[in-house]
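1. Please find the sequence and the predicted model below.
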Amino acid sequence: MPILHALQETFGHVPEDAVPLLADALNLSRADVHGIVSFYHDFREAPAGRHVVKLCRAEACQSMGGHALAEGLLRRLGLDWGGTTGDGQVTIEPVYCLGLCACAPAALIDGRPLGRLNRERLDAAVNEARNDWSTP
Amino acid sequence: MVDAMSTRIFIPRDVAALAVGADEVARAVAAQAAALGTAVTIVRTGSRGLFWLEPMVEVETPLGRIAYGPVQAGDVAALFTAGWLTGATHPLRVGRPEDHPFLARQTRLTFARCGIVDPLSVEDYKAAGGYRGLAKAIEVGGAATVEAVTKSGLRGRGGAGFPTGIKWKTVRDAISDQKYVVCNADEGDSGTFADRMILEGDPFCLIEGMTIAGLAVGATRGYIYSRSEYPHANATMRAALDIARAAGLLGRDILGSGLEFHLELRVGAGAYVCGEETALLESLEGKRGVVRAKPPLPALKGLFGRPTVVNNLLSLATIPVIMDLGAQYYADFGMGRSRGTMPIQLAGNVLHGGLFETAFGLTLGEIVMEVGGGTNSRRPVRAVQAGGPLGAYLPPSQFDTPYDYEAFAARDALIGHGGLVVFDDTVDMAHMARFAMEFCAEESCGKCTPCRIGSTRGAEVVDRILAGRDVAANIALLEDLCNTMKFGSLCALGGFTPYPVLSAVRHFPEDFHTRNSPGRPLPAAAE
């Protein structure tokens, strides 16, 4: 797991080419390694957009209107969960609880926490990410 | 070095405070102090847990620490002008935090230091009573330590409520060349953040608790299994581990006592089921987080097949205070078989959300309405989900339930990890029941059929109910399916998903039975 986290941190995903190398180094079968990569939600098999917006879908955020907030954002961007905007700038991923449940609804944008979100604040943050061409 | 003339200003670095602008406030304070030529020392702390007041800034004054909140960067200049360095009055002034009713009503044992000390200062930790518990454990030895934990009545704070002392005794009595202590910090329940607050606000407390556990059961290695959703907590914990190793508080000869204990942090990868102890052990071993059948118990065959203590973070972080102040002191709090204090986490649509540590025994209504102040939206409370996504939804008619493991179980509800999520009257309980099934389907490890298939079929059945098709027959089918999941699943994920579903059906039948009846708007999906 620490190796997979390191790969994802470096490449933004766990490249398919890494699987046989890992299997060889750890004395596992390629099927074993593929099984581990595909089991965990975090590990992407393809690169994400430049910025990743993780929106919380769990109950505490739902109690503060998180469901409508998320659906609205996805609709405005024309995306489904896990989708990336056409310009490759922003990927919207679901997350189940960031531990910010007393400041709901919450999100994590490139590791930056945001709480007490409303449509205005969320749109502003996503637009800022869309117009930010630097790599986080 | 701290300048003697410099005023200390405490600003939380807890991620919930960062999420509402604490870093911007810290920058504004530094800039404004520089502009005014005033000497201030900014100390970044954990959170006191009054999240509706975050960012809550505390100033060290001759009157004691005076809090102001919620402070935004734009308020900082006015606060300096008003004279907050001497504790002067201002619309944002909260006063002495310990006098605030939300804190004054609490009994903080596990969270005694959180939000007060610099989380990465060993000196602060020791000055606030840290490492007295370990010194005591070293003095009395492993057997007496296990006995003290048993006598304290401490029960697993992760949800199952198993007596911690009995688990420790099983591991202590097991014979093996290597034993392990594993901290379950995979705090995936919505509405919970107590583990995260300790990781960010008082990490040495967990290190000390795990070291005591190692001494008590004869384990020389420990792992903390945390979540990838907690990057800030993990960064703080890693830094604390480095500091503890450098200070001789971890390693081969702790505090010169000859005690050996090595501790590492491991981070999961977004799988909720890894909060289940056997799936967690699989994941720690580098495998898919698939649940193991029990027996054998992890206490006998745990990590890498060796005897392993797997405890929730809150249980381990409570050990130092039990050893320091005594088992009886801890056991004197609480009611019935629920001894000591529970860090309750109030979240969701609640006016005063935050961490409320108190002895067991307050009623649910007192906690939600008096402590929490009702909903944030100021609408009536309709439901409270207790114990995370696998916990029951309780209506206000059950607000007389005392907060106690047995009293909750008698009403088919869970204390779990101490989370309470409040919903107002706009909530659609059929939608929440569907979400519970969908969540279980998404997070199922796939090993057992009732959970893997049952959750998918369950979501489909709720969809039919939502669409108004054969409602009565489908509700009977849903109840039947829930029974199969409850008794046929290998672990709590499939076994407890029926709690939120069935409690929603039982307590809020009007959301299920009257779909599509005249006068009720169509659900969104049917529009």
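-> Here it is on my side, so go on.

2. Only C-alpha atoms from now on, for both contacts and neighbour counts.
-> Fine.

3. distance of the residue nearest the centre of chain B from residue B:241?
-> Nearest to the geometric centre of chain B sits residue B:194, at 2.9 Å (Cα atoms, centre = their mean). Computed as Cα to Cα, to the nearest Å, the residue B:194 to residue B:241 distance reads 19 Å.

4. With residue A:100 instead?
-> As judged by Cα to Cα, residue A:100 and residue B:241 stand 24 Å apart.

5. who has more neighbours, those two?
-> Neighbour count, other Cα atoms under 10 Å in any protein chain shown: between residue A:100 and residue B:241, residue A:100 has more, with 31 against 21.

6. At which residues are the strands of chain A located?
-> Secondary structure of chain A by DSSP state E: the strands cover A:51-56, A:90-95, A:107-109, A:112-114.

7. what residues go with each domain of chain A?
-> A:2-39, A:51-130 (automatic domain parsing).

8. May I have the distance across the longest one, first residue to last?
-> Across domain A:51-130, the straight-line distance between its terminal residues is 8 Å, by Cα to Cα.

9. Chain A against chain B: which residues are in contact?
-> Neighbours of chain B within chain A, by Cα under 8 Å from any Cα of the partner chain: A:1-2, A:35-36, A:39-43, A:58-64, A:95-104, A:111-116.

10. Please check those residues and keep the buried ones.
-> A:1, A:36, A:39-43, A:58-64, A:95-104, A:111, A:113-116 (16 or more other Cα atoms under 10 Å in any protein chain shown).

11. what sits against residue B:500?
-> Contact analysis of residue B:500 by Cα atoms under 8 Å, 6 or more residues apart in numbering or on different chains lists B:385, B:389-393, B:433, B:436.

12. One more pass at 10 Å, please.
-> Residue B:500 is in contact with B:385-394, B:412-413, B:429, B:432-437, B:506, counting by Cα atoms under 10 Å, 6 or more residues apart in numbering or on different chains.

13. And residue A:9, by the same measure?
-> Contacts for residue A:9 were tallied using Cα under 10 Å, 6+ apart; they are residue A:3.

14. Let me know the distance separating it from chain B.
-> Distance, residue A:9 to chain B, using Cα to the nearest Cα, to the nearest Å: 12 Å.

15. Centre of the chain to stretch B:336-343, how far?
-> 15 Å (Cα atoms, centre = their mean, to the nearest Å).

16. now stretch B:324-342
-> Relative to the chain's own centre, stretch B:324-342 is displaced by 19 Å; criterion: Cα atoms, centre = their mean.

17. how about that stretch against chain A, any contact?
-> No - on the criterion Cα under 10 Å from any Cα of the partner chain, stretch B:324-342 is out of touch with chain A, staying 17.5 Å away.

18. Also stretch B:258-269?
-> Yes - using Cα under 10 Å from any Cα, stretch B:258-269 reaches chain A at B:266-269.

19. Now, of these, which are buried?
-> Among the residues of stretch B:258-269 next to chain A, those buried by neighbour count (16+ other Cα under 10 Å) are B:266-269.

20. filter the contacts of residue B:500 by proximity to chain A?
-> Of the residues in those, proximity to chain A by Cα under 10 Å from any Cα holds for B:385, B:388-389, B:432, B:435-436.

21. need the residues you listed in a markdown table with secondary structure, pLDDT and neighbour count, can you?
-> Compiled in a markdown table, the ones next to chain A among the contacts of residue B:500 are given as follows (DSSP: H, G, I helix; E, B strand; the rest coil; pLDDT from 0 to 100; neighbours: other Cα atoms under 10 Å in any protein chain shown):
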| residue | secondary structure | pLDDT | neighbour count |
| --- | --- | --- | --- |
| B:385 | strand | 97 | 28 |
| B:388 | helix | 93 | 27 |
| B:389 | helix | 94 | 29 |
| B:432 | helix | 96 | 19 |
| B:435 | helix | 96 | 20 |
| B:436 | helix | 97 | 26 |
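
22. which sections of the chain are below the confidence cut-off?
-> Let's take chain A. Low-confidence segments of chain A (pLDDT under 70): none present.

23. nope, chain B
-> Residues of chain B meeting the criterion pLDDT under 70: B:1-4, B:515-527.
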